[in-house]
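Q: Let me see the structure of the following:
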Amino acid sequence: MKLGSVRNAGLDLPVALLALGFFLALVFQTVQLVRESSVLAAVDRNQDGPLQDTTRMRQSVDSLASDVAALAQSGNAHAKQIVDDMARQNVILRVAPETPSPAPASPK
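A: Down below sits the predicted model:
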């Protein structure tokens, strides 16, 4: 037996354990990242409903504010008072421009 082969035989086990430990840490981190990714995807999906509800509510409030501003411009005293009160609170109500309704999507 050569002297060099005896020295290398003594390093095989520690190097193998180090490689195994590194591989296990890599597998663990990969599993954790996949789990976190699926949790984040679920959170994102769960926000779709409330986001749509909020968008509908915002459109309703904007429409109401636009109607009040239009009434104020046409001379309604109560609407003018509301617009003035809102302006004192730094909320500006404007009449929304008329937008045509979107055309229905054509089937593909």
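
Q: From residue 40, how far off is residue 33?
A: Counting by C-beta to C-beta, to the nearest Å, the separation of residue 33 from residue 40 is 10 Å. Backbone N, C-alpha and C define where each C-beta goes, glycine included.

Q: again, but for residue 54
A: 20 Å.

Q: ok, now residue 69?
A: Following C-beta to C-beta, the distance that separates residue 69 from residue 40 is 41 Å.

Q: Then residue 63?
A: From residue 63 to residue 40 the distance is 34 Å (C-beta to C-beta).

Q: Kindly report the same for residue 90.
A: 37 Å.

Q: tell me the domain boundaries of the protein?
A: 7-46, 48-95 (automatic domain parsing).

Q: quick one: low-confidence parts of the protein?
A: 1-9, 98-108 (pLDDT under 70).

Q: Pick out the residue nearest the middle of it.
A: Residue closest to the mean C-alpha point of the chain, counted by C-alpha atoms, centre = their mean, is residue 44 at 6.2 Å.

Q: circling back to that earlier point, need the winner for burial among the domains of the chain.
A: Stretch with highest mean neighbour count among the domains of the chain: domain 48-95 (a mean of 12; mean count of other C-beta atoms under 10 Å).

Q: In the protein, where's the longest helix?
A: helix 3-46 (DSSP state H).

Q: and that helix, how far out from the chain's middle?
A: From the chain centre to the centre of helix 3-46 is a distance of 32 Å (C-alpha atoms, centre = their mean, to the nearest Å).

Q: now swap in stretch 89-98 and tell me
A: Worked out by C-alpha atoms, centre = their mean, stretch 89-98 lies 28 Å from the chain centre.

Q: helix/strand/coil for residue 91?
A: coil (DSSP: H, G, I helix; E, B strand; the rest coil).

Q: Nothing else from me, thank you.
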